[in-house]
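Peer 1: pasting a predicted model and its sequence here:
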Amino acid sequence: MSSEQKLTFEAAMEQLEEIVEKLEEGDVPLEEAISIYKEGMELSKLCHDKLKNVESQLTQILTEDGRKENFIVAEEE
């Protein structure tokens, strides 16, 4: 497991914000800017994947709760 995968969502977003600030300043040599940009893209993907994972978990929880509620309502009728 790479160190990036161990980052929390918040830590990855913080690093991503720092990268955006560096690139916006425009004082970075081209080779370094490309390297920083690639790192930013990896962090962006990591954040996206973490959000999709959380979304999937929430959907599963809501679906399970919905099934339980429907089951309980059906029993009461």
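Peer 2: Done, it's in.

Peer 1: what's the offset of the host helix or strand of Leu23 from the middle of its chain?
Peer 2: Per DSSP states H and E: Leu23 is located in helix 9-25. Distance of helix 9-25 from the chain centroid (CA atoms, centre = their mean, to the nearest Å) equals 14 Å.

Peer 1: do the same with stretch 45-63
Peer 2: 9 Å.

Peer 1: now Lys52: how far from Ile36?
Peer 2: Taking CB to CB, to the nearest Å as the measure, Lys52 and Ile36 are separated by 25 Å. C-betas here are computed from N, CA, C, even on glycine.

Peer 1: tell me which of these two has more neighbours.
Peer 2: Each of Lys52 and Ile36 has its neighbours counted (other CB atoms under 10 Å); Ile36 has more, 16 against 10.

Peer 1: who are the packing partners of the strand or helix carrying that one?
Peer 2: Assigned by DSSP H and E, Ile36 belongs to helix 30-76. With contacts taken as 3 or more CB pairs under 8 Å, 6 or more residues apart in numbering; DSSP states H and E, helix 30-76 sits against helix 3-6, helix 9-25.

Peer 1: okay, which residue is most central for this structure?
Peer 2: The centre of the chain sits closest to Cys47, judged by CA atoms, centre = their mean, with a distance of 2.4 Å.

Peer 1: pLDDT score for that one?
Peer 2: For Cys47, the model assigns a pLDDT of 95.
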